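Asks: What shape does this take:
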Amino acid sequence: MGPRKRVSFAFLRRHSGYIFMFCVLFAFMQLGFRNGRRKHLAIDELAQQTDDNWIDPAKLIAFADEKTPRVLTEHPIPQLMEEAEEKYRKKLGSQSKTLKAAVAEYRRRYGRAPPKGFDAWWQFAQKYEVRMIDEYDGLVNDLAPFWDLSGEEIRRRALQVGELPSIDLVRIRKGEATVINVNPNFHDTEVSARARGFRSMTGKFVHLLPDMDFPINAKAEGRVLVPWEHRMYPNMTSQDSSGGIQKMLGGPFKPDWGEDGNIWEAWRRTCDPESSARRLFSSLRTSHNTQIKNHFASSTVSPGSDFSFVKSTSSDEDYCSYPHAHYQQGHFFSDWRSIPVLYPVFSPARAKGFMDIRIPSHYYYGSTKRYTYGWDSVNLELKDVDPMEVPWEDKIDMIFWRGATTGGGSHPPGFSDQYHRHRFLRMASDKSNATRVITFADPPTSGSSFVSAAVSVGQLNEEIMDAAFVKAVSAGSYPGGMAALERDHRFADSVPLGRHWAYKYLIDMDGMSYSGRFLSFLASDSVPLKSTVYDEFFTDWIQPWVHFIPLSASYAEIYNIHAYFSGATQSTVEAANSTQKDLSPEERKPTEGDKRLRRIARAGKRWKRTVGRTLDMEAYVYRLCLEWARLWADDRDSMNFSL
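Replies: Numbering: from 1, shown residues only. Reported below is the predicted structural model:
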């Protein structure tokens with residue numbers, strides 16, 4: 001062996017361990033890179049979480065081979081629509097056809113006999129062709145807590161709560177209804193309006209009702225928040241109100257919060273003690289989250305979080321488990337003090353956690369130029385077609401909204417920039433170069449080929465958004481005041497209700513409570529895009545993705561909703577370098593998408609004419625009155641109906 005070979009052999013022997021480790025490391029690196037090139041999944045896709053209310057786009061994504069970028073072969077919206085249509089068809093088709101069947105269905109659902117007068121209600125429903133005969137689960141659930149109270153206790157509490165500010169009594173005596181304001185010294189611009197509307201709804205059948213009282217909420221906001229412990233363990237609080245309402249409430253009732261509380265603090269006490277909302281840190285944590293960028297993701301643009309679509313509205317949002325989300329809803333910051341005891345209060349809407357009893361809104365029942373489709377305020381008559389209605393083909397393919405900066409109070413102050421209306425307007429007013437990932441059919445006639453592109457949100461808003469505040473309410477409560485409001489949000493002149501009908505897409509958002517314009521939007525030939533945390537009297541009767549398009553609380557998916565139904569905008573096809581960039585907007589419009597959008601518009605209009613009529617509201621109130629009359633009685637068994 002030569003000297004050079006001996007030196008080399010000695011070197012290898014001394015450093016054999018290092019050389020072995022290097023070889024192993026090199027082999028693993030090669031294997032890892034090879035597998036990474038073969039199957040590269042984006043980190044954000046692996047981390048994506050879904051629940052029952054979301055359609056997961058990842059389930060619809062196919063990988064042709066390792067060299068082909070991700071391609072969406074099936075859009076989730078048609079699936080959502082078809083499932084919803086089938087569900088609604090089954091519900092409508094399963095309604096009882098005879099009184100005997102309706103009684104049997106009532107017993108099956110609720111485990112007891114219907115209330116006395118059920119046969120007269122049935123005749124009323126048949127006379128006026130009411131379609132929803134059995135769907136009153138929401139009504140029964142609203143009244144369920146009062147079964148634990150005696151008739152005497154309910155009668156006493158109804159009178160007592162009528163003493164509080166902004167609560168009126170509708171009193172039925174000897175077949176006639178009157179409105180009573182027990183607290184006339186408290187000034188409220190809305191006093192008695194809802195009570196008068198409720199009284200009008202009883203007009204056709206009030207002569208058949210026994211004597212009873214209905215405490216009607218004069219405000220739009222919910223009023224009753226009972227702590228979890230008091231609901232679960234009634235012995236922990238007084239169930240005898242004979243000592244008066246002040247004793248029940250622990251002192252005089254103050255109409256607003258002042259410096260001693262807020263709605264969120266009252267609301268979170270309705271949650272289970274083990275929930276996050278009852279833990280101090282979780283309940284106070286801010287919702288301003290930091291976005292984490294995935295530096296290892298593929299450069300291929302693919303559908304992201306903006307491409308998830310909810311199956312229904314956010315009325316069942318779990319703020320007990322995710323308390324930080326409450327910062328994004330204005331009703332948690334209402335100035336109006338809640339009632340912490342189970343008092344009967346009849347309100348136009350109900351958010352989760354509240355214990356108000358739902359009734360139809362007086363805005364829906366009456367006719368006004370601000371809230372009623374087809375109302376001729378000159379001749380004082382209601383027309384089937386609004387004078388300002390526009391044929392579908394002539395409607396503008398944009399998303400339209402006008403409204404005031406309402407939606408929450410200032411308890412505590414400083415959070416109004418995160419309220420639901422402000423968040424949407426800030427998103428729709430964004431002129432920056434930040435991007436949204438838009439997924440669209442390419443070519444537009446295809447139902448199985450979709451591409452994605454990152455598009456400037458400023459350009460998108462210019463092309464598809466026509467949203468603006470028309471009035472600033474309590475501008476001083478917004479961080480930075482009026483100057484900041486005008487800087488961050490678009491403002492424009494107010495428009496008559498009929499101006500909305502010029503657009504295909506109508507945003508419907510909560511205000512201080514529910515949106516009083518929703519039924520007028522449904523009555524039009526346009527499509528409501530509804531975002532709400534409230535349930536109303538018709539919630540059991542209407543179907544998202546059949547009669548309207550539901551939006552998540554973030555509104556983020558709205559750009560991709562528009563892209564599916566109306567096609568890619570000019571900035572979108574340019575960002576994708578699509579051959580569609582040379583086509584006109586009309587040529588880019590997907591035929592299938594536009595047909596489906598019009599289908600929703602027609603279904604909503606048909607629903608308003610057949611299920612959302614004033615007659616249907618009366619049928620709902622009639623049934624509510626029968627249920628309330630039974631709870632009002634001392635001998636409830638005597639108030640049962642039997643064939």
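Asks: Check which residues of stretch 494-505 are buried.
Replies: Buried positions in stretch 494-505, judged by neighbour count with 16 or more other CB atoms under 10 Å: Leu497, Gly498, His500, Trp501, Ala502, Tyr503, Lys504, Tyr505. The C-beta positions use only the backbone N, C-alpha and C, and glycine is treated the same way.
Asks: Could you do stretch 462-471 as well?
Replies: Neighbour counts using 16+ other CB under 10 Å place Glu463, Ile464, Met465, Asp466, Ala467, Ala468, Phe469 of stretch 462-471 among the buried residues.
Asks: Likewise for stretch 468-485?
Replies: Ala468, Phe469, Ala472, Ala475, Ser477, Tyr478, Leu485.
Asks: Now do the same contact list for the first one.
Replies: Think Ala468. Ala468 makes contact with Trp401, Arg402, Leu425, Ser429, His489, Arg490, Phe491, Ala492, according to CB atoms under 8 Å, 6 or more residues apart in numbering.
Asks: hang on, it is in a helix, isn't it?
Replies: No: under DSSP: H, G, I helix; E, B strand; the rest coil, Ala468 sits outside any helix and is assigned strand.
Asks: What's the separation between the closest residue in space to it that isn't next to it in sequence and Ala484?
Replies: Spatial nearest neighbour of Ala468, chain neighbours left out: Ala492 (3.7 Å); criterion: CB to CB, 6 or more residues apart in numbering. Distance of Ala492 to Ala484, given as CB to CB, to the nearest Å: 18 Å.
Asks: Show me the strands in the stretch 201-350 of the chain, by range?
Replies: Taking DSSP state E, counting those that start in this stretch as the criterion, the stretch 201-350 of the chain carries its strands at 212-217, 309-310, 346-347, 350-351.
Asks: most packed of those strands?
Replies: Highest mean neighbour count among the strands of the stretch 201-350 of the chain (mean count of other CB atoms under 10 Å): strand 346-347, with a mean of 27.
Asks: Pretty sure Ser477 sits against Ser416.
Replies: Yes: using CB atoms under 8 Å, Ser477 is in contact with Ser416, at 5.3 Å.
Asks: which secondary structure elements does the strand or helix carrying Arg194 contact?
Replies: Here Arg194 sits within helix 193-201, counting by DSSP states H and E. Applying 3 or more CB pairs under 8 Å, 6 or more residues apart in numbering; DSSP states H and E, one finds that helix 193-201 contacts strand 167-173, strand 176-180, strand 212-217, helix 362-365, helix 614-632.
Asks: who touches that helix?
Replies: Residues outside helix 193-201 that contact it (CB under 8 Å, 6+ apart) are 168-170, 177-179, 214, 216-218, 346, 348, 359-362, 365-366, 617-618, 621.
Asks: Go again with 6 Å.
Replies: Identification of contacts with helix 193-201 by CB atoms under 6 Å, 6 or more residues apart in numbering yields Asp168, Val170, Ala177, Val179, Ile216, Ala218, Ile359, His362, Tyr365, Met617, Glu618, Val621.
Asks: can you put those residues in TSV and add pLDDT and distance to Pro544?
Replies: Formatted as TSV, the contacts of helix 193-201 follow (pLDDT from 0 to 100; distance: CB to CB, whole Å):
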residue	pLDDT	distance to Pro544
Asp168	95	33
Val170	98	32
Ala177	98	35
Val179	96	35
Ile216	97	29
Ala218	94	30
Ile359	98	22
His362	96	25
Tyr365	97	23
Met617	98	21
Glu618	98	25
Val621	98	25
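Asks: pLDDT score assigned to Thr68?
Replies: Thr68 is assigned 29 on the pLDDT scale.
Asks: Cool, thanks, talk later.
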